[in-house]
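Q: model this:
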Amino acid sequence: MLRSTPSCLLVGLVLGTGCGDDGGSGNDEHDDHHETDMDPSTGTTAPLPSTSDTSLDDSSTTTTTADTTDSTGPTDSSSSSDSGSESSGTTGEAVTPVSIAFAAFIGTEPFACGTTYEGVGATAATVEPRDLRFFVQDLHLLRASDGEPVPVVLDVDDPWQAETVALLDFEDGSGACSEGGGNPATRTTITGTVPTDDYDGLAFTVGVPEDLNHGDPLFLPAPLGASSMTWGWLYGFKFIKVELQQVVEEGSAGDGVFHLGSNGCTGNPGVGDVECSLPNRAPIELAPFDWASQSVALDVAALFAETNLAIESQCHSFQPDVCPPVFDRTGVDFDTGLPAPTQVVFSVQ
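A: Numbering: from 1, shown residues only. Sure, this is the predicted structure:
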């Protein structure tokens, strides 16, 4: 097994394996939880990567709270196309800066680390959050005149946004979320620009672009340097990471874990020829949606509504006894890895 040492970088390019990981075997490390996790293809466990891996948790601590923490509501400075906030793009086309707000809930209550929630899941368990992060790609606004999706050009905003992907992070390191590294930095908005026009809908995909999904996080731009959000070069990134743990006075506690990422992957990531038979990306479309006054709401209780949270219910994208309900509710067909018209997790607030 290759470890994350200078010599393994050269060897990894030849063998198609990743440094600081288990060579793309799909090991699903849970941040700094001091545990091993599962290979999506085999169900075997693999050790945590070495500490030389870069991670968003480490890099984000160098920024100020004002730079890294957003409110969960729409920003007051956001404006629609007729509000006078237009600027000129490099092609001379008028563009409007936009800020898309996201908010997370567990049922009707705002998602907050260190808070307990009753009546969640198929057995109405009492739970506490442990993690909630996800990547967004292919962000579009829907033009009001014809419904045409218009790409949002993302701001490059280290450590949260690159040109084609953004990371949203709702865990602040308090309570049970301390198992995720204990970092207080959060991110609940995506910023960018669109051609000035009227828009009444939103579309995006929960995922990482395929051309980046199988790169080595040591050499990818933020937010893809987050080693805690990857299974390794071959299987790529965890597109979404949602974790709850049951709160009990005594006895064994159950949990709910959903790590969604591509599966059935083969090829050599070192030369960029990886193919995944189960892409497992979730396209989301919300309309009507006013980006200047509304938020995208994610309901964790809706995600785990059919899951027994009084036992260990962990979906790492391959378990047929646990994954189908959470896949279905996210809008992904478990058997094909293709989009399904069943998502109930995201809505307009």
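Q: Give me the secondary structure label for the spatially most distant residue from the centre of the chain.
A: Residue farthest from the centre of the chain, counting by Cα atoms, centre = their mean, is residue 92 at 34.2 Å. Going by DSSP: H, G, I helix; E, B strand; the rest coil, the secondary structure assigned to residue 92 is coil.
Q: Let me know the distance separating it from residue 152.
A: Separation of residue 92 from residue 152 (Cβ to Cβ, to the nearest Å): 19 Å. Any C-beta I mention is one placed from the backbone N, CA and C, and that applies to glycine too.
Q: low pLDDT regions in the protein?
A: Where the chain drops to pLDDT under 70, the residues are 1-91, 180-182, 226-227.
Q: Scan it for its longest strand.
A: strand 125-143 (DSSP state E).
Q: What is the following helix or strand past it packed up against?
A: Toward the C-terminus, strand 125-143 is succeeded by strand 149-151 as the next helix or strand (DSSP states H and E). In terms of contacts (3 or more Cβ pairs under 8 Å, 6 or more residues apart in numbering; DSSP states H and E), strand 149-151 is packed against strand 125-143, strand 189-195.
Q: Pick the most buried one from the ones you listed.
A: strand 125-143 (a mean of 23; mean count of other Cβ atoms under 10 Å).
Q: How far away from the center of its chain is that one?
A: Here strand 125-143 is found 6 Å from its chain centre; the criterion is Cα atoms, centre = their mean, to the nearest Å.
Q: Adjacent strands (with direction) for the longest strand of the chain?
A: When pairing is defined by DSSP bridges, strand 125-143 lines up against strand 117-120 (antiparallel), strand 149-151 (antiparallel), strand 165-169 (antiparallel), strand 199-206 (antiparallel), strand 240-246 (antiparallel).
Q: I'd like to check the angle between it and strand 189-195, please.
A: Counting by axes from the mean of the first three to the mean of the last three Cα atoms, to 10 degrees, strand 125-143 lies at 10 degrees to strand 189-195.
Q: count of residues packed around residue 185?
A: 23 (other Cβ atoms under 10 Å).
Q: One more: residue 294?
A: Neighbour number of residue 294 under other Cβ under 10 Å is 18.
Q: Report the contact partners of the residue nearest the centre of the chain.
A: With distances taken as Cα atoms, centre = their mean, residue 134 lies nearest the centre of the chain, 1.3 Å away. Going by Cβ atoms under 8 Å, 6 or more residues apart in numbering, residue 134 touches 167-168, 206, 239-242, 298.
Q: Chain neighbours aside, what residue packs nearest to it?
A: residue 240 (3.7 Å; Cβ to Cβ, 6 or more residues apart in numbering).
Q: how much space is there between the one you found and residue 327?
A: Per Cβ to Cβ, residue 240 is found 11 Å from residue 327.
Q: list the residues that contact both of those two?
A: Residues touching both residue 240 and residue 327 (Cβ under 8 Å, 6+ apart) are residue 260.
Q: how close does residue 255 get to residue 127?
A: For residue 255 relative to residue 127 (Cβ to Cβ), the value is 8 Å.
Q: do residue 313 as well
A: For residue 313, the distance to residue 127 - Cβ to Cβ - is 11 Å.
Q: Report the set of residues contacting both of those two.
A: By the contact definition Cβ under 8 Å, 6+ apart, residue 313 and residue 127 are jointly contacted by residue 256.
Q: Neighbours of the residue nearest to residue 337 when sequence neighbours are not counted, how many?
A: Spatially, and ignoring its direct neighbours in sequence, residue 337 is nearest to residue 278 (3.0 Å; Cβ to Cβ, 6+ apart). Neighbourhood size, residue 278 [other Cβ under 10 Å]: 20.
Q: For residue 278, give the beta-bridge partners.
A: Counting by DSSP bridges, residue 278 forms beta bridges with residue 263.
Q: What's the separation between it and residue 235?
A: Counting by Cβ to Cβ, the gap from residue 278 to residue 235 is 10 Å.
Q: between these two, what contacts are shared?
A: With contacts taken as Cβ under 8 Å, 6+ apart, the residues that reach both residue 278 and residue 235 are 262-263.
Q: show me where the stretch 201-349 of the chain has helices.
A: Ranges of helices in the stretch 201-349 of the chain, per DSSP state H, counting those that start in this stretch, are 210-213, 300-303, 323-330.
Q: Who are the packing partners of the second one?
A: Using 3+ Cβ pairs under 8 Å, 6+ apart as the contact criterion, the neighbours of helix 300-303 among helices and strands are strand 94-106, strand 117-120, strand 240-246, helix 323-330.
Q: Redo the ones you listed as TSV? Include distance to residue 140 and mean neighbour count.
A: Listed next are these as TSV, based on distance: least, Cβ to Cβ, whole Å; neighbours: other Cβ atoms under 10 Å:
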stretch	distance to residue 140	mean neighbour count
strand 94-106	10	21
strand 117-120	32	17
strand 240-246	19	25
helix 323-330	19	21
